[in-house]
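Visitor: how would this look folded up:
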Amino acid sequence: ADLFDGIVMAEQRFHGQGYQEGLAEGSHAGMAEGRRYGALHGARMGSEIGCYLGFALTWHCLLQKCTDEKNRKKIKALDSLIGMIQKFPYEDPTYDKLQEDLEKIRGKFKQVCSMLNIQSDFRIGNERSSLTF
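Guide: Residues are numbered from 1 along each chain as shown. Down below sits the predicted model:
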């Protein structure tokens, strides 16, 4: 009976061993892929937010000299956008409202673009700039 136990149980033993090896290899590959994915999307998000901040700061400087009511509203909206960007939690990838806050920033950016009469996707004629998000 012991002689046949080794043969009968071989399939189960090899199945378990293969499972453990596959689990270890898959975990390692998953971690590497997750790091690449996180770095890529984090860089993309940082680039997008940096573009919004540069845009807002530039327009804020351009409108500083204008003191009429329309421009004060634009400056107030720009201040709001700048404040939202400055409060954005860049260093905390586990922040549970990261996507929600990013959508609010995008919405505020579109609102500011509308107030400034600028297309928010930076289209130039029929071409698209590399600044689209």
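
Visitor: Could you list which residues are in contact with the most centrally placed residue in the chain?
Guide: By Cα atoms, centre = their mean, the chain has its centre lying nearest to residue 45, at 3.6 Å. The contact partners of residue 45, by Cβ atoms under 8 Å, 6 or more residues apart in numbering, come to residue 102. C-beta: built from backbone N, CA, C; applies to glycine.

Visitor: chain center to the helix or strand it falls within: distance?
Guide: For residue 45, the host element (DSSP states H and E) is helix 2-63. Helix 2-63 has its C-alpha centroid displaced from the chain centroid by 16 Å (Cα atoms, centre = their mean, to the nearest Å).

Visitor: next SSE after it?
Guide: For helix 2-63, the succeeding helix or strand toward the C-terminus, using DSSP H and E, is helix 69-87.

Visitor: quick one, that following helix and helix 2-63 angle?
Guide: 150 degrees (axes from the mean of the first three to the mean of the last three Cα atoms, to 10 degrees).

Visitor: Alpha carbons only: can I get the helix or strand just after helix 69-87 in CSV?
Guide: Following helix 69-87 in sequence order, the next helix or strand is helix 98-116 (DSSP H and E). Presented in CSV, the C-alpha positions along helix 98-116 are these (Å, rounded to 0.1, in the frame of the first residue of the first chain):
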residue,chain,number,x,y,z
LEU,A,98,-7.8,61.3,-4.5
GLN,A,99,-9.9,60.7,-7.7
GLU,A,100,-12.7,62.8,-6.3
ASP,A,101,-10.4,65.7,-5.6
LEU,A,102,-8.7,65.4,-9.0
GLU,A,103,-12.2,65.6,-10.7
LYS,A,104,-13.0,68.7,-8.7
ILE,A,105,-9.7,70.3,-9.9
ARG,A,106,-10.5,69.3,-13.5
GLY,A,107,-14.0,70.8,-13.1
LYS,A,108,-12.6,74.1,-11.7
PHE,A,109,-10.0,74.2,-14.5
LYS,A,110,-12.8,73.9,-17.1
GLN,A,111,-14.8,76.6,-15.3
VAL,A,112,-11.8,79.0,-15.3
CYS,A,113,-11.2,78.2,-19.0
SER,A,114,-14.8,79.0,-19.7
MET,A,115,-14.5,82.3,-17.9
LEU,A,116,-11.3,83.2,-19.8
